[in-house]
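Q: Test case, fold it:
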Amino acid sequence: MSPIITHEDEIELASTEKELAGKIKKLAKNQTALINAQKKYADNLTKSNLAREMLNRTYRDVLKQMQTLVREKRSNIKDEEVELFQEIIHKNDEYISVNHAYIDAIKNLALKKEYLIAKKIEFADALTEVADKRGDVIKKALSVEKKKNKLMDSEDLKISETQLDDMQRSFDRARDVFIKKINEFIEARDEVDELWLKVKDAVSKSS
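A: Numbers count the residues shown, from 1 in each chain. The predicted structure follows:
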């Protein structure tokens, strides 16, 4: 036998919905701090990559001079030294390229996560609106029910029923917005998941 659903159940749902909305916003606040740290990390990586590019230019200057001197038999440059410098420069070029892709992936992810946070907050706001209107509808419905039971003046009852209908329509509109915001949140979340995979793909051995 199914349990009997009461007005108290819906009022409790509205209260729990408000609690959920508050916790969604709390998580969004914490995630915003993480995004800011992620953006700072990307900035530091950019600076490091720039320093590596400048370093590699100097490596090339040294290599060029070594290649000139190694042709002279009396120079103190060995072919092995030239080859080692060439290997270092080549590897640095690889690291620079990898880091450029990695930095771009991190920045794109941070931007999309900011968008996701915005959608998460809109979701929470819409949920709060639904919860408020749900509570209002239930309270009005209880009031109308009491008036019916007390056999109050039909005109007064009709006004209350009209108000209840208006409140129900307002709730229905709020619920439609809420459903839309849920779908927008889910779409943004899935886009973030895809960008995480791109970050993963961009990760390669570097030093």
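Q: Report the secondary structure state of residue 111.
A: For residue 111, the secondary structure call by DSSP: H, G, I helix; E, B strand; the rest coil comes out as helix.
Q: give the contact list for it.
A: With contacts defined as Cβ atoms under 8 Å, 6 or more residues apart in numbering, residue 111 has no neighbours. (Each C-beta comes from the backbone N, C-alpha and C, glycine too.)
Q: Show the pLDDT at it.
A: We note a pLDDT of 96 for residue 111 in this prediction.
Q: how about the residue of the chain most remote from its centre, secondary structure?
A: Outermost residue of the chain with respect to the C-alpha centroid, by Cα atoms, centre = their mean, is residue 74; its distance is 63.0 Å. For residue 74, the assignment made with three-state DSSP gives coil.
Q: Give me the phi and psi for it.
A: In this entry, residue 74 is assigned phi and psi values of phi -90, psi 0 (degrees, to the nearest 10).
Q: can you pull the pLDDT of it?
A: In the prediction, the pLDDT value recorded for residue 74 is 76.
Q: One more: residue 183?
A: So residue 183 comes in at 98 (pLDDT).
Q: what's the burial count for it?
A: Counted by other Cβ atoms under 10 Å, the residues lying close to residue 183 total 12.
Q: State the distance from it to residue 189.
A: According to Cβ to Cβ, to the nearest Å, residue 183 stands 11 Å off from residue 189.
Q: for residue 99, what are its contacts?
A: Contact criterion Cβ under 8 Å, 6+ apart gives 45, 48-49, 52, 206 as the residues in contact with residue 99.
Q: Any chance of JSON lines for those residues, columns pLDDT, neighbour count and secondary structure?
A: Output for the contacts of residue 99, formatted as JSON lines (pLDDT from 0 to 100; neighbours: other Cβ atoms under 10 Å; DSSP: H, G, I helix; E, B strand; the rest coil):
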{"residue": "45", "pLDDT": "94", "neighbour count": "17", "secondary structure": "helix"}
{"residue": "48", "pLDDT": "95", "neighbour count": "14", "secondary structure": "helix"}
{"residue": "49", "pLDDT": "95", "neighbour count": "19", "secondary structure": "helix"}
{"residue": "52", "pLDDT": "96", "neighbour count": "18", "secondary structure": "helix"}
{"residue": "206", "pLDDT": "57", "neighbour count": "16", "secondary structure": "coil"}
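Q: Which of those sits closest to residue 120?
A: Comparing the contacts of residue 99 against residue 120 with Cβ to Cβ places residue 45 closest, at 26.6 Å.
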